[in-house]
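> Could you work out the structure for the sequence below:
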Amino acid sequence: MNIKIHSVHKFGDMAVQYLLEEESRQIGMCMFPAELADRCPVRRETLAGAPELSHMTMDTSRFRAWVVDPLIHVSLEGDRAGSGWGSGMTMRRSSTTASLKFKGQETIRHGSAHRVLTTLVTDGGLEFRHTLEWQEGDQGLRVWAEVSNGGENDVVLHLVTSFDLGHLTPFAVNDAPGRLRVHRFRSYWSSEGRHEVRSMEDLHLEPSWAGFGMQSERFGQVGSMPVRMWFPFVALEDTGVGVLWGAQLAWSGSWQMEISRLHDTVSLSGGLADREMGCWRKRLGPDETFTTPVATMSCVQGDIDDLCYRLTSMQHADADMHPAPEHDLPIIFNEWCTSWGDPTHDNLVQIADYLKGSKIRYLVIDAGWYGKPGTDWGDARGDWIPAEERFPHGLKATCDAIRERGLVPGLWFELETMGIDSKAGERADLQLKRDGAVVWSGGRRFWDFRKEGVHAYLEERVIDLLDECGFGYIKVDYNESIGLGADGEDSLGEGLRQCIEGTYRFFRRLRERLPELVIENCSSGGHRLEPAMIGLTAMSSFSDAHESWNIPIVGANVQRLILPRQSQMWAVLHPSDSERRTVYTLAATFLGRMCLSGEIWELSNEQKGWARRAQDLYEESAETIKYGMSRRYGPPVISYRYPKGWQAVVREGITGKKILVVAHRFEDDADSIPCPLPKGAWKVAGSLSEESTKATLADGTLQITGLESFAGIAVLLERA
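Numbering: from 1, shown residues only. You can find the predicted model right below:
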């Protein structure tokens, strides 16, 4: 087949291999754990000898077992679709993709950054640059693509992939029957991050008897809520050698992933949703360049927790760039589940009086602080004028009162949308349109962030207000999706993409104007838990599961997809809560950032004691929450509304000196919960649990007994 290894690059414990088909000049990429390089066999080249071909009179060597999977897949307007019945199912392997020819490759090093830049060209003057980047110490790679039009005429893009991880699995000579499993994470409101594992056969991606026919599982989401239906994540596992490959996409708009099969091998690819899925069409004039969103990818011999740890660890660099107060993971109090949209100066001062001297640093004023008498605050968003009857002396007076009590005041906005009763809603010239009509979603309309007038308006109404009043924290919510896209010169999908880029620009402006401002990313809870938006913000709301039994389930789920140091976990406390309920709720916050709410000043002395003990233990556990590696134990939870079974999350601190165990029992009759520990001698340094619950150490396991149904425990261990 004249397929040769063009180059091999070692990045930490990962090896990346570029494969070149000499005749066609097509180049592709494969990666694997470097220590397993000698376990990659020589693949079969053809299907000759297969029983289905034995009676054919033709030359059966024409039935190829594998081909090079191109480094970049692209589709242009006017392209021929690839053969094999893929038209309408996938835009991969178009005639332009087939025409891409390898031009050259260079390795560039700047300090601790290593890049492999691979250039591909077409006869029509298009140049594609594929960049693979590794920072020394990272456990994954960043990858993106650029396309430049060096021709004399416009071209119209319908697809450009950010990444393509091909030739999987390199550890089999054939199609690895029964060995390959796909990992994905489903997501809906208040039930984010359900882990799904399915075999290639179950997905109906088993190769045909002749190896012919393109097979693809294309999935993703359309609109401006990137974590709706799915997280932008995909992974493949070879159970024969225990190796997983995976990728995450950093993008807040329409996106897609594809699990594709042609012959023996599987490829994982992804990027912007294409013309067929996301109505994306982009015109590229002569000398113009387009750059795709960045993806991160990694591989490991281990399990899904190992792979997810490697991918999420890539998010630390951005997390470290946020204001210094965030570095010790301070506790938040958000009054949403206290006033339920009715914050006032008086009730906020009452809360601040109670919180004075506690370990809580941020006091966040949630929705309802604006609007006029007689109007629904939900329909008034967009004007961002404080309600006089709620704050008769102005918001600054409330901020000053909060700061006088030693707390940092925060304020809620849903700054990308406007309500039907707002003056802002009359500004149709600055709103997104589709097919000439203003885009509506429920009771919301959307600012067009491509327009400077929008940025100027929000600079005044949002940034200036925060600055003048002295807020140190902003919660940015986002509660509807734009949908398919917005009008623009090229397409609805490209209009949406440009709007998302405009939103990113405003967030960067917010950080530039107010560098000490702590920004929270919320989108009906967890609809924006993707690396780009997470990187622009200090922390993210893990979910809107404020008071439901599935709080620890979702909290454990999202640990695999975002850093716990940036995952804000709610604990809503009410005077009517039982001791068991109080501890269950507080223990769940150790899966991320502790955020309290509820009528905290009305709690009984016993409940207040639990809250204080939780805060003390959280402070001792903060470093382990910030830097560590988690493993989940327990049976899969089928129903999130009526959960059965149990779960335990064991998080080992990065120094290896501390372990945090967070366990919850749901409806279950288990006598005990076993929590395997890393090797070594451990002792209990602190715990949060009911008196009847015991945590004992024996034979490398933390054994939890006496945990009743719907009870929880948090245990901090340290080296003996």
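
> Contacts for stretch 545-558, please.
Contact partners of stretch 545-558, identified using CB atoms under 8 Å, 6 or more residues apart in numbering, comprise 185, 190-195, 336-337, 525-526, 529, 542-543, 567, 569-570, 572, 584-585, 587-588, 591-592, 597, 630, 632, 637, 640-643, 647, 649, 662, 664, 666, 710, 712. Just so you know, the C-beta spots here come from the backbone N, C-alpha and C atoms, and that holds for glycine as well.

> same check, this time on stretch 507-514
Contacts of stretch 507-514 (CB under 8 Å, 6+ apart): 455, 459, 462-463, 466-467, 474, 476, 517, 519, 533, 536-537.

> And the contacts of stretch 545-558, which of them are buried?
185, 190-195, 336-337, 525-526, 529, 542-543, 567, 569-570, 572, 584-585, 587-588, 591-592, 597, 630, 632, 637, 640, 643, 647, 649, 662, 664, 666, 710, 712 (16 or more other CB atoms under 10 Å).

> Which of these fall within strands?
Of those, the ones assigned to strands by DSSP state E are 185, 194-195, 567, 569-570, 572, 597, 630, 632, 647, 649, 662, 664, 712.

> quick check, nearest of these to Gly425?
Nearest to Gly425 among those: Ser597, at 29.7 Å, using CB to CB.

> Okay, and the beta partners of that closest one?
Beta bridges link Ser597 to Val572 when assigned by DSSP bridges.

> So Glu547: helix, strand or coil?
On the three-state scheme (DSSP: H, G, I helix; E, B strand; the rest coil), Glu547 is labelled coil.

> Next: Arg565.
In three-state terms, and counting by three-state DSSP, Arg565 is helix.

> which residues sit in contact with the spatially closest residue to Pro330 that is not a sequence neighbour?
Leaving out its chain neighbours, the residue that sits closest to Pro330 by CB to CB, 6 or more residues apart in numbering is Arg361, at 3.6 Å. Contacts for Arg361 (CB under 8 Å, 6+ apart) come out as Pro325, Pro330, Ile331, Ile332, Leu407, Val408.

> one more time with 7 Å, if that's ok
By CB atoms under 7 Å, 6 or more residues apart in numbering, Arg361 lies in contact with Pro325, Pro330, Ile331, Leu407, Val408.

> same check, this time on Met594
Neighbours of Met594 in contact, by CB under 7 Å, 6+ apart: Ile331, Met569, Ala571, Tyr618.

> one more time with 8 Å, if that's ok
By CB under 8 Å, 6+ apart, Met594 lies in contact with Ile331, Ile332, Met569, Ala571, Ala614, Gln615, Tyr618.

> Sort out for me which of these are in helices.
Among these, the ones falling in helices (DSSP state H) are Ala614, Gln615, Tyr618.

> Do I have it right that the first one meets Ser689?
No - checked against CB atoms under 8 Å, the pair Ala614 and Ser689 is beyond contact range at 10.7 Å.

> what residues are shared contacts of these two?
Counting by CB under 8 Å, 6+ apart, the shared contacts of Ala614 and Ser689 are Ala587, Ala714.

> Kindly state the pLDDT recorded for the most centrally placed residue in the chain?
Centroid-nearest residue in the chain, with CA atoms, centre = their mean: Glu530, separated by 2.9 Å. pLDDT for Glu530: 98.

> residues touching the closest residue to His527 other than its chain neighbours, list them.
Closest residue in space to His527, ignoring its immediate chain neighbours: Met225 at 4.1 Å, by CB to CB, 6+ apart. By CB under 8 Å, 6+ apart, Met225 lies in contact with Tyr478, Glu480, Ser481, Ser523, Ser524, His527, Arg528.

> you'd agree the second one is in a helix?
This points to Glu480. No - counting by three-state DSSP, Glu480 falls outside a helix, being coil.

> so what's it closest to, chain neighbours aside?
If you skip the residues right next to it in sequence, Glu480 has Ser441 as its closest partner in space, 4.0 Å away by CB to CB, 6+ apart.

> The third one too?
The shortest distance from Ser481 to any non-neighbouring residue, by CB to CB, 6+ apart, is to Gly223 (3.6 Å).

> correct me, but that neighbour touches Trp251?
No - using CB under 8 Å, Gly223 is not in contact with Trp251, being 12.0 Å away.

> In terms of neighbours, single out the busier of these two.
Neighbours were counted for Gly223 and for Trp251 using other CB atoms under 10 Å; Trp251 has more, 25 against 20.

> Next one: that one, what pLDDT does it get?
98.

> show me the contacts for it.
Pro226, Pro232, Gly271, Leu272, Pro293, Ile500, Glu530, Ala532.

> and the helix or strand of the chain with the lowest mean pLDDT, which residues are buried?
Least confident helix or strand, the chain: helix 377-380 with a mean of 86, by mean pLDDT, DSSP states H and E. Applying a neighbour-count criterion of 16+ other CB under 10 Å, one finds Trp377, Gly378, Asp379, Ala380 buried in helix 377-380.

> tell me which residues in stretch 613-625 are buried?
The neighbour-count check on stretch 613-625 (16+ other CB under 10 Å) flags Arg613, Ala614, Gln615, Leu617, Tyr618, Ser621, Ala622, Glu623, Thr624, Ile625 as buried.

> Roughly how far does the residue lying closest to the second one once chain neighbours are set aside sit from Tyr618?
In other words, Ala614. Spatial nearest neighbour of Ala614, excluding adjacent residues (CB to CB, 6+ apart): Leu586 at 4.1 Å. As judged by CB to CB, to the nearest Å, Leu586 and Tyr618 stand 9 Å apart.

> Leu484 too?
In this view, Leu484 and Tyr618 are 43 Å apart by CB to CB.

> Give me the contact list for stretch 94-103.
Contact partners of stretch 94-103, identified using CB under 8 Å, 6+ apart, comprise 6, 20, 24-27, 70-76, 79-82, 118-123, 126-128, 159.

> Inside strands: which ones of these?
Taking DSSP E as the definition of strands, the contacts of stretch 94-103 contribute 6, 20, 26-27, 74-76, 118-121, 126-128, 159.

> what pLDDT does Phe63 get?
Looking at Phe63, the pLDDT reads 85.

> same thing with Trp209?
With respect to pLDDT, Trp209 has a value of 87.

> repeat for Gly502
Per-residue confidence at Gly502 stands at 98 (pLDDT).

> sorry, back to before: restrict the contacts of stretch 94-103 to the buried ones and give me that as a PyMOL selection.
Buried members of these, defined by 16+ other CB under 10 Å, are picked up in PyMOL with:
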select buried, resi 6+20+24+26+27+70+71+72+73+74+75+76+79+81+82+118+119+120+121+122+126+127+128+159
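
> In three-state terms, label Ala235 for me.
What three-state DSSP gives for Ala235 is strand.
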